[in-house]
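Chemist: Have a look at this prediction, sequence included:
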Amino acid sequence: MRLRIRRWEALAALALVVSSTALAQSRPPAAPRPVAEPRPAAAPPPEIAASAAAAPTAPVSLSARKIYEQARSQLVQIRTVLKGRASQTSVGSGFFVTPQGHILTNFHVVSEAALKPEQHDLVYVTADGREAPLAILQLDVLHDLALLRAGDAAPSAASGAGRRFDALAFRPANEPFAQGERIYSLGNPLDVGFAVTQGTYNGLVKRSFYPQIFFGGALSAGMSGGPALDEEGHVVGVNVARRIDGEQVSFLVPGEFASALLARGKDAAPIVGSAYPIVDEQLLKHQAALTDRFIEQGWKDATHPRYHVPVPPDVFMRCWGTSTVSQTGGLDFERSDCVMDTRIFVGEFTTGTISLRHESYDGTKLGALRFASRYAASFRNESFVRLSSQHQTKPRCEEDYIDRDGLPLRAVVCMRAYKKLPQLYDVAVLVATLDQSETGVQGRFDAQGVSFANAQRLAQHYLDAYRWVAPH
Amino acid sequence: MGGAALAHMEANAATASPAPALLEVVDRDGLVRQSWRIERWPVSIGRALDNTIVLSDPHVAAHHATIDVVAGVDATPAKVVVAAGETKNGVVVGRRDRIAGGTEREIADDGRDVELQIGRAQLRLRLAGHALAAEQPMSAVADTEHRWPPTLGFAVAVLAVVLATAWVETDPEAVVRSAGMVVLSTIAGGAIWCGLWALLSKTFTRQSHFGWHVRVFVVASLVLLALSIVPPLFAFAFSWPWATDFSFVAVYATAAAAIYFHLLAVEPSRRKLMRGVAATGFVVGVALSLWFNVQRTGRPGEELYMNHLFPPQLRIARPTSVDRFIGGLAPMQAILDKQAKERGSSEGDDGRGDDEE
């Protein structure tokens, strides 16, 4: 759904766009997403953007020009370079936040260098073309942030004092934003050149597990990690993502998480070796919080006339429904899909999300035998393989008949372990009701990146939710 | 049999022979192609026309062998003396006893026919006084060949099951067309299958044995159809996932048995070999499937989970409680952790090449 904005390879980006658009189209088009007012030339065409790096011209407003001029020296491009081959594998943006050379960016901008340091180097390039290596000090995988330090910032042996950098300041927490306020987002889109784009603050993203700012402006690949500034030039957020099925629907990590990361990691020693243990530790915290919140929120009422079918409330999940009537006198069914917008990016895959689905089948036109055959085909048509064998084990399943206050269910629980993230598992629960011979409900619950104990808790929570509405 | 006219050698008895004997050329199916009544010994065999018996085979020498029979005296049995002439290939007695060119061998007559191989011809020497083996009944193949009613009964049963399956799997409005398709394709498929086997039979035995092949096909089809219904039903009723996890073993056994019975009508004289072929095929097939399943899913069975649902009334297994079921998941952790570790280390190297999404 979301395109991480860092790659500048047009083909790769295009491929992602095509596949994601197809996915989005299967959804009802009446998505109630607010759309920002289109403004002319908010995103300058490439040739203008290129020259904008040298001298901002007409389409950018006076304050944007002022902002860019002020922030120009604090802005950097961050490149991940293949060791020994000097070709870049990904590019993003970043900005100085202390005179001592601390740089903030997204975790996904530096993920290759963080997770596979033996193959990648990290460098930054300023608007004047100065290039220097970078070290990673601290990560916040859950909010997609990374704290880096410029390699040329270390105190020199001769003077004892390091180079001083121009730094951006954070907007104070006691100055709340109002919807419609102007935001300027800076970065280096598609490696074309440094650019500033304007947009509006539209509040926080609804139903996001972690707060994110809904930025009504255009972000492009390569701007990830760049700063989003208010009209005083203070950092309000960090560019992170955009929706590719909408226009100018972009997302920022709120500045408070960036300043918290800075406070936490300012004096940390650079991370040596692969960052997988750090990612693992943060994902363990995430799954604990996610599991608790998920179980605490309970279930919706009245999801099916005969059964209590588990459907989560719309707090940090969103449910879509479809209804299909057979054209050949066959099986009619209704389907509900609930997904989280939030998923945690971990280098080559994402995790840390929960999804649920159920299908309610009506085979009264078919009779018991024919219904059973279709009901079984649907039960069979499930995949339990998500990531390649490089990242996850093959699934293992347990299954049995389960009694829920007299309602018989067939239940299957399948789990996979992550190979590089110890103590984290994916769990999937498959359920089919078995009390009626011509109708039934099949449900599936998926949680990614949870501990084994929480996988058991979530599976139990899900199974316990099934029962008859009225006692039989 | 082309040119199977018996060539009688009139013997102007100079030496009195013990008793008349019969020398036969036998083909690979055990049928006699040619036979000579021998009334005078010795008998010379070779390619030259002055031999008693002429074999026009390029692998036979001009004067390849001479056979003499010395009558037994009192208690000593008769002896067959085989002398190989100037030959490179020699004479093979029985299965592998080779008489080299220029040597001879005395074979005591033990009351059984003597088998000789000269060149490419398989010869059988029958002496008077040899015990005759009892008459053997015709093989099952030839026996059932013309009994069509049971075969037709099985065929009707197969069509009935196939139709019932099509009825279950097709939505009501499309059922007539689908039934027609299924019946046509079943009959056409069966006819092609049986026709190909009949062709093989015809090639090797000069008889098509079509009725036998149809019988084998319909019986095997009926068993295979039963195997597609009964194990899933048991798996569902008793919550026995293994019943469908390993039902492919029964399917392979049925297929191997069917092939064996088909082969019986192709090589009727080599039952043992055909049984070996079918058994080897079965064992290799099962072993390959198990290995493939382990590679694919990490488990020997076919199915990750039991996915056959029938009308709820057919369930016999008792349901368990959620608590017990969830508690029963615990052993999975150790298994998954072990897999994550052992494969993670071995595949870490593989992963290096493809770090791009």
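Modeler: Now that the structure is in, tell me what you want to look at.

Chemist: how far out from the middle of the chain is stretch A:170-177?
Modeler: 25 Å (CA atoms, centre = their mean, to the nearest Å).

Chemist: Span of it from start to end?
Modeler: Taking CA to CA, to the nearest Å as the measure, stretch A:170-177 stretches 13 Å from start to finish.

Chemist: Look up phi and psi at A:His308.
Modeler: Backbone torsions for A:His308, taken as degrees, to the nearest 10, come to phi -80, psi 110.

Chemist: quick one: contacts for it?
Modeler: A:His308 makes contacts with A:Trp299, A:Ala465, A:Tyr466, A:Arg467, A:Trp468, A:Val469, as judged by CB atoms under 8 Å, 6 or more residues apart in numbering or on different chains. All C-beta atoms are positioned from the backbone trio N, CA, C, and that covers glycine.

Chemist: was I right about B:Ala128 contacting B:Ile38?
Modeler: No - using CB atoms under 8 Å, B:Ala128 is not in contact with B:Ile38; the gap is 10.2 Å.

Chemist: shared neighbours, these two?
Modeler: B:Pro20, B:Ala21.

Chemist: So which of those two has more stuff around it?
Modeler: The neighbour count for B:Ala128 versus B:Ile38, taken as other CB atoms under 10 Å in any protein chain shown, is higher for B:Ile38 (23 against 12).

Chemist: B:Ile45 versus the more buried one, what's the distance?
Modeler: Remark: distance between B:Ile38 and B:Ile45 (CB to CB, to the nearest Å) = 11 Å.

Chemist: Over to B:Val91?
Modeler: Look at B:Val91 and B:Ile45: by CB to CB, they are 9 Å apart.

Chemist: wait, is A:Ile103 part of a helix?
Modeler: No - assigned with DSSP: H, G, I helix; E, B strand; the rest coil, A:Ile103 falls outside any helix and is strand.

Chemist: Beta-bridge partners for it, please?
Modeler: On the basis of DSSP bridges, A:Ile103 is bridged to A:Phe96, A:Leu148.

Chemist: count of residues packed around it?
Modeler: Counted with other CB under 10 Å, residues neighbouring A:Ile103 total 27.

Chemist: correct me, but it touches A:Val97?
Modeler: Yes - judged on CB under 8 Å, A:Ile103 makes contact with A:Val97 at a distance of 7.0 Å.

Chemist: Run a quick neighbour tally on the residue in the stretch 51-200 of chain A that chain B sits nearest to.
Modeler: Using CB to the nearest CB, the closest approach of the stretch 51-200 of chain A to chain B is made by A:Lys116 at 6.1 Å. A:Lys116 has 20 neighbours, counted by other CB under 10 Å.

Chemist: do the same with B:Trp240
Modeler: Neighbours of B:Trp240 (other CB under 10 Å): 14.

Chemist: for B:Leu23, same thing?
Modeler: 21.

Chemist: Check the one 5 residues further on too.
Modeler: Residues contacting B:Arg28 under the criterion other CB under 10 Å number 10.

Chemist: For it, give me its contacts.
Modeler: With CB under 8 Å, 6+ apart, B:Arg28 has these contacts: B:Gln122, B:Ser269.

Chemist: Please tell me the pLDDT value assigned to it.
Modeler: We have a pLDDT of 77 for B:Arg28.
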